[in-house]
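A.B. asks: Quick one, fold the following:
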Amino acid sequence: MHQGHQQVIQPVLSVSEAVDGSPRIHATVVTFHPHPQEFFTGQARLLLTPLIEKAAQLSAIGVEQLVLLPFDESLARLSPEQFVEQILLQQLKATKVSIGSDFCFGRQRSGNAKTLQAIAAKLGMAVSIAPLKNLGDDRISSSAIRQALQQGDVQRANQLLGHPYRLIGKVVQGQQLGRTIGFPTANLQLPSDKFLPCAGAYAVRVHRCDRGSEVDLSATPTLRGVMNIGFRPTVNGTTQTIEVHLLDWSADLYEQTLIVSLAAFLRSEQKFPSLDALKAQIQADCDAARLLL
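C.D. replies: Model (predicted):
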């Protein structure tokens, strides 16, 4: 859901209820599920925006419906003409479609944006083609965002996205090591298909969702914190964890959902010679986060 995606979605957000008695038109986003690359390679794909997060973000900008189009062998075999007629027209009842200029569809990606526009025109369906979105001289793309996050370049990733990169998860029971050294942390459980930035410490802004409430990405984060992603080599950790220490906060967070927005990359993960050295570094991380946030 980067700036390029938002540019494609914008033309369908202006739809309104029909006044002539015809069925109501809904602003709808259609996405393939699973991702076509995952279908063709057979390998699971980590996502910048997992399904729950995608639905929340679309809702926040005014999209009314999210349709998951099952990508399987039968869909992959459809010609461009069959895709437009069977999927867009007959199944989805589309009246107006917005796509990016690099959009490809149909068997072996044989159709492109101009192909869709030509086929749709014969069927009375309007097609809007959004140009590619650039940031300076660079094209905004999911690949560029992934690369920035892997390199710890949070500022670049956030610029490409048009919003902070987020990790959304429920607080679960951890080993509570942080409490013993004076820095209690919330251990986050994320969707298994969430793409993680490089291991290390981050300055973050956090929004707490009340238990049982829906994820609201329009809410302003009110808490500051430090997040650590990694295997905790100082204590010989064997599994990767995502832990958040909230500054100036001490209440119970278990079972609450946290929306963690990345603000800055502080340092890479490292192994310290002792718990005292680790404690000193965490304090330094907190001090740095306070200045940045």
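A.B. asks: List the residue ranges of the stretch 101-250 of the chain that fall below the pLDDT cut-off.
C.D. replies: Low-confidence regions of the stretch 101-250 of the chain, defined here as pLDDT under 70, cover residues 175-180.
A.B. asks: repeat that with 90
C.D. replies: Applying pLDDT under 90 to the predicted model, the residue ranges of the stretch 101-250 of the chain that meet it are 135-138, 173-184, 209-222, 231-239, 249-250.
A.B. asks: Enumerate the strands of it by residue range, in sequence order.
C.D. replies: When secondary structure is read from DSSP state E, counting those that start in this stretch, the stretch 101-250 of the chain shows strands at 104-105, 111-112, 126-130, 134-135, 138-139, 166-172, 186-189, 200-209, 223-230, 241-246.
A.B. asks: Take these and write them to TSV, including mean neighbour count and distance to residue 40.
C.D. replies: All C-beta spots, glycine's among them, are computed from the backbone N, C-alpha and C. Rendered in TSV, the data for the strands of the stretch 101-250 of the chain read as follows (neighbours: other Cβ atoms under 10 Å; distance: least, Cβ to Cβ, whole Å):
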stretch	mean neighbour count	distance to residue 40
strand 104-105	19	13
strand 111-112	19	17
strand 126-130	17	25
strand 134-135	13	28
strand 138-139	12	23
strand 166-172	20	28
strand 186-189	20	30
strand 200-209	22	33
strand 223-230	22	30
strand 241-246	21	30
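A.B. asks: Save these as a markdown table, and put in distance to residue 74 too.
C.D. replies: Rendered in a markdown table, the data for the strands of the stretch 101-250 of the chain read as follows (distance: least, Cβ to Cβ, whole Å):
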| stretch | distance to residue 74 |
| --- | --- |
| strand 104-105 | 14 |
| strand 111-112 | 17 |
| strand 126-130 | 24 |
| strand 134-135 | 36 |
| strand 138-139 | 33 |
| strand 166-172 | 33 |
| strand 186-189 | 35 |
| strand 200-209 | 39 |
| strand 223-230 | 40 |
| strand 241-246 | 38 |
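A.B. asks: and residue 6, which of these is closest to it?
C.D. replies: Nearest to residue 6, of all the strands of the stretch 101-250 of the chain, is strand 126-130, at 9.6 Å by Cβ to Cβ.
A.B. asks: so who does the residue lying closest to residue 161 once chain neighbours are set aside touch?
C.D. replies: Leaving out its chain neighbours, the residue that sits closest to residue 161 by Cβ to Cβ, 6 or more residues apart in numbering is residue 2, at 4.9 Å. Counting by Cβ atoms under 8 Å, 6 or more residues apart in numbering, residue 2 touches 48, 133, 140-142, 145, 160-162.
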